[in-house]
Structures are given as structure tokens and as C-alpha cells.
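**Q** quick one, structure for this:
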Amino acid sequence: MPHGTTTGTWRNWAGNQTARPARVVTPGSAEEIAETVRRAAEQGQRVKAVGSGHSFTAIASAGDAVLVRPDALTAVRSLDREAGTVTVESGLPLSRLNRLLAAAGLSLTNMGDIEVQTVAGATSTGTHGTGRDSGSLAAQIRAVEIVLADGSVRTCSPAEDPELFQGARLGLGALGVVSALTFAVEPAFLLTAHEKPMRFDEVLAGFDDLASGNEHFEFYWFPHTDLCTTKRNNRSAGPAAPLPGFRAWLDDDFLSNTVWEGVCRFGRRFPATIPAIAQVAGRAWSERTYTDTAYKVFTSPRKVRFIEMEYAVPREAATTVLRELKALVERSDWRISFPVEVRVAPADDLWLSTASGRDSVYIAVHLYRGTADSGYFTEVERLMTAHQGRPHWGKLHTRDAEYLAGAYPHFGDFTELRDKVDPGRVFANDYLRRVLGD
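**A** Here you go, the predicted model:
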């Protein structure tokens, strides 16, 4: 038996998803996961694995299933400098992986802007970050160890069971329970971040140059204004020149979290004040440049809780979509306190990657927790789908298998693989039934 078995209510980070699984287990090895899966199958129960709960969708919701928590699966199994790989267990948080790699003089090539997720949770939902040439976390995987519905423990890679590897790198939890991942790593490097306020039309007019001229470009637009803040991250030969401790705390913790939490609460209670608040917030960003270890530049703390929708649209449609989004906000009576986040990614070959087969731009919209939607997400989704948008698997959307089958060229390949490895749908839940079909 797995060494930890409990019951109770599960909630995600944002608090918008809850479940009461039949039981909660914390296996300490792939073999214990396999035992859990076999026992559940014998009893006619489903199995769902969950990471840190940072998805906004119900992708990890266990319902009345057996919930597998990876808290005891956090070991670094091997680090191969010559091959440029690290193999870690599925429950290791990205924050710990980043620090362990840095201590060894190594780094992931690219990552998202938060690091609280487990490695399996982040890759299984398509966490991507922003990058001109470097893809998502899942695109950096070189091998996967996964427990299948029959209780077998399988290792797959481009050379060993390549079909399973194609699906399991970004598998939505639909193929099995990931127990370990092998990532490509490289020597540690520094990034220089240049953050600069710009006007909305100025950013869009120069978007192609900004995205192609920087290794990692992103920007935030403040609704109800024409104000944006841009961030350009590029590799640096050094020396490191991090933000002074007080400035880093003031900007990235106190102002971006403590003060912003208060501002969002005020705006939620008094929505009419939000456009004026947005003007102040947009002008509060000042230009700054600093150089630091890559993961410290890529990631930042996110303490203010929200819900989020994000779509990937074809790169060539991005500026059109953004102009239409701005016009949509301006002609509505919405009051949107959170900025819109825009990032880029190159095409990749992962079957269910939102960048599968096409260069992509990600457009994310947010609402502060407890804020009424009032149609914002609905209308944004209508706009995104009109431009062949693909929803982030871990962020709110209403798309179903019929839509997604037309959006992903390899959707059928994935569902055929699922039929092979989980014909009894041991790992299904309501979310996966909607997005993948029965």
C-alpha cells in the first residue's frame, strides 16, 4: 500500500475548483503508483493525479476517484552532464528544480513566469513561458516514466516507445500517472531584463521586431488605457547585476502583490473606480534593467489570486486579435482590473501543445478572485476562437472535443493512443470527457 492514504476535500490554488475524492494517496515510488492504479481498477474506481493545483480548469479534479498526490515523489534520480539531462520525480516543484540545477551550474532553457507547479503538472498542462526560439517545458522533455492503466510502469523516449512519448510529454493526465521526467538542461546562464513602459499602438506597430529581436519578449496591456509595460529578456555574458534587495522587494513583492491585492479588493467593491486605477497602475511602471540568474528573471512571485483564460492564436493574427480585444473592452461596460498578458512561442511537434505546428502568440485575460465575469471571458473566447485560437489546457475555457479536433492536426493521434493505453478510461474525469470525448 502507498505509505499515505487519507480522505478530505481538494481545492485548487484559485479556489474555483473543489472535489471530494474517494481517497487520497501519496505514493513514494512508481511501484506504489502502479499498486494504487491496479487496486482502483479492480474496485471499478478512477484515478487522478494532481500537482500543486495551479490549473484553473477541472483537469485534475478527482470527483469520486482516487486522488494521487506526488508529495513523496520529489527525488532527483540522476544528473548527466555529458548528455545534458536531469531526471527527476514527478512531484518535484519547479522552484526546487531551479535551485538544484543552479547549484550544479545548470539551467532549463526556458520556463513560465511562476515556479510553484510540480514538474509533471506544469508539463502535462502545457506551461510555456515566452520565447522566440525556445518552446514550452514539455518540449524540453527527453524521456517520461509513466504508470499506465494496466499497472505497468513504462519508460518512453524518442528511441523507446516513441508513440507513447509523443503523447505522454503533454498528456493532460489522460494516458497515465507520470512518475518521473527527464529534461534537457544546459550550462547556467544569465539573463538581462529590460522593462519599459510603452503605448499600446507603439507595441503593436513594433510587435514583430520586438518578438523576433529578443530571445524572450512579453508585454502587459492595462484595459481602459493605452498603457503597456514590456519586458525583454536576453542572454548576457555578465556580470550579474541583480536588483538591489530593497528595490526587488518593493517592486516585485510589496507593490506587485501586497499593494495590488488591496487595489484589486477596492476595485471589486467599487468597480466604477477601476478605469482610474488602471491609469495610475499603468503609469506606476518605470523603466528598469537588471541581470541575474535565468530562473530569477523568468519567474516572479504571484500571491494575488485570480482566475484566468488564455488562448494561443497564430502568430500572424496576433496584432489583429489584440486590436479587436481592445475595441471589445472599450465598447463594453466591463471593469477589468487585471492587465492582459501577451507572450510568444515557436512552433513545436507535441501533439497537444498549443503551439503544435504553428508559431503562436498567447493572450491571457484575468479576473480577480470573487469578481463577477459579466461576459468578459465569454466574449474573449468568442474572439479567440474566431481566429483559430487554442485554449490553454489548464486555464478556463468552454471548448469541447469537436472544436479541438479541428484545432489540432494530431488530435486524432492522441485519442487513438488513449484508446490503446486506457481503453477503460481509468484516468478520465468530466473535463477530459469534454475536451477529448468519451
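**Q** the strands in the stretch 201-350 of the chain, which residues?
**A** 216-221, 227-236, 288-293, 306-314, 340-345 (DSSP state E, counting those that start in this stretch).
**Q** for the stretch 1-150 of the chain, same thing?
**A** Counting by DSSP E, counting those that start in this stretch, the strands of the stretch 1-150 of the chain are 5-6, 10-11, 18-19, 23-25, 47-49, 66-68, 76-80, 85-89, 106-107, 141-147.
**Q** can you check what angle separates the last one from strand 76-80?
**A** Yep, that's strand 141-147 we're talking about. Inter-element angle recorded for strand 141-147 and strand 76-80: 150 degrees (by axes from the mean of the first three to the mean of the last three Cα atoms, to 10 degrees).
**Q** mind listing residues that contact strand 141-147?
**A** With contacts defined as Cβ atoms under 8 Å, 6 or more residues apart in numbering, strand 141-147 is touched by 30, 33-34, 37, 85, 87, 123, 153-158, 160, 164-165, 168-169, 171, 175-184. Bear in mind the C-beta positions are built from the backbone N, C-alpha and C, glycine included.
**Q** other SSEs contacting the helix or strand just after it?
**A** Following strand 141-147 in sequence order, the next helix or strand is strand 153-156 (DSSP states H and E). The helices and strands touching strand 153-156, judged by 3 or more Cβ pairs under 8 Å, 6 or more residues apart in numbering; DSSP states H and E, are helix 30-42, strand 141-147, helix 162-168.
**Q** which of these sits closest to Gly267?
**A** Closest approach to Gly267 among the helices and strands packed on strand 153-156 (Cβ to Cβ): strand 141-147, 39.9 Å.
**Q** sheet-wise, list the partners of the closest one with their directions.
**A** Strand 141-147 sits in its sheet next to strand 153-156 (antiparallel), strand 177-184 (antiparallel), going by DSSP bridges.
**Q** residues in contact with the shortest one?
**A** By Cβ under 8 Å, 6+ apart, the surrounding residues in contact with strand 153-156 are 30-31, 33-34, 143-148, 161-162, 164-165, 168, 176, 179.
**Q** change it to 6 Å
**A** Ala30, Ala34, Val144, Glu145, Ile146, Val147, Leu148, Leu164, Phe165, Ala168 (Cβ atoms under 6 Å, 6 or more residues apart in numbering).
**Q** please enumerate the helices of the stretch 301-438 of the chain.
**A** 318-330, 376-386, 401-407, 411-421, 430-436 (DSSP state H, counting those that start in this stretch).
**Q** switch those helices over to a markdown table; also include mean neighbour count.
**A** Below are the helices of the stretch 301-438 of the chain laid out as a markdown table (neighbours: other Cβ atoms under 10 Å):
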| stretch | mean neighbour count |
| --- | --- |
| helix 318-330 | 17 |
| helix 376-386 | 18 |
| helix 401-407 | 15 |
| helix 411-421 | 17 |
| helix 430-436 | 18 |
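**Q** so what are the domain limits for the chain?
**A** 5-68, 76-187, 192-391 (automatic domain parsing).
**Q** state the mean pLDDT of the shortest one.
**A** Confidence for domain 5-68, expressed as mean pLDDT, is 94.
**Q** now find how far off-centre that domain is within its chain.
**A** Relative to the chain's own centre, domain 5-68 is displaced by 20 Å; criterion: Cα atoms, centre = their mean, to the nearest Å.
**Q** on that earlier part again, Gly394: which of the strands of the stretch 201-350 of the chain is closest?
**A** Closest among the strands of the stretch 201-350 of the chain, once you apply Cβ to Cβ, is strand 306-314, at 8.7 Å.
**Q** contact partners of the closest one?
**A** 14, 16, 56, 321, 354, 358, 360-369, 377, 384, 387, 389-392, 395-396.
**Q** what of stretch 429-438?
**A** By Cβ under 6 Å, 6+ apart, stretch 429-438 touches Lys48, Thr57, Ala58, Ile59, Ser61, Gly63, Ala174, Asp400, Ala401, Leu404, Thr415.
**Q** need those residues in CSV (columns: distance to Ala72).
**A** Converted to CSV, those look like this (distance: Cβ to Cβ, whole Å):
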residue, distance to Ala72
Lys48, 17
Thr57, 26
Ala58, 25
Ile59, 22
Ser61, 22
Gly63, 23
Ala174, 23
Asp400, 35
Ala401, 34
Leu404, 34
Thr415, 32
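**Q** tell me the one of those residues nearest Pro275?
**A** Nearest member of these to Pro275, counting by Cβ to Cβ, is Thr57, at 29.9 Å.
**Q** tally of neighbours for that closest one?
**A** Neighbour count for Thr57, taken as other Cβ atoms under 10 Å: 23.
**Q** distance of Glu310 relative to Gly112?
**A** According to Cβ to Cβ, to the nearest Å, Glu310 and Gly112 sit 11 Å apart.
**Q** make TSV from the helices of the stretch 301-438 of the chain and add mean pLDDT and distance to Leu67 to it.
**A** Listed next are the helices of the stretch 301-438 of the chain as TSV, based on pLDDT from 0 to 100; distance: least, Cβ to Cβ, whole Å:
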stretch	mean pLDDT	distance to Leu67
helix 318-330	98	37
helix 376-386	98	27
helix 401-407	98	24
helix 411-421	98	20
helix 430-436	98	14
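**Q** now tabulate the ones you listed in JSON lines and tack on distance to Arg343.
**A** Formatted as JSON lines, the helices of the stretch 301-438 of the chain follow (distance: least, Cβ to Cβ, whole Å):
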{"stretch": "helix 318-330", "distance to Arg343": "10"}
{"stretch": "helix 376-386", "distance to Arg343": "14"}
{"stretch": "helix 401-407", "distance to Arg343": "19"}
{"stretch": "helix 411-421", "distance to Arg343": "23"}
{"stretch": "helix 430-436", "distance to Arg343": "22"}
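**Q** closest one to Ala193 among those helices?
**A** helix 318-330 (22.0 Å).
**Q** ok, and what's touching the closest one?
**A** Helix 318-330 is contacted by residues Leu204, Phe207, Pro223, Val313, Val361, Glu379, Leu383, His387 when judged by Cβ under 6 Å, 6+ apart.
**Q** could you give the angle of it to strand 216-221?
**A** 20 degrees.
**Q** distance between helix 318-330 and the chain's centre?
**A** 23 Å.
**Q** report the contact partners of the spatially closest residue to Arg46 that is not a sequence neighbour.
**A** Closest residue in space to Arg46, ignoring its immediate chain neighbours: Ala65 at 3.8 Å, by Cβ to Cβ, 6 or more residues apart in numbering. Residues counted as contacts of Ala65 (Cβ under 6 Å, 6+ apart) are Pro21, Arg46, Val47, Lys48.
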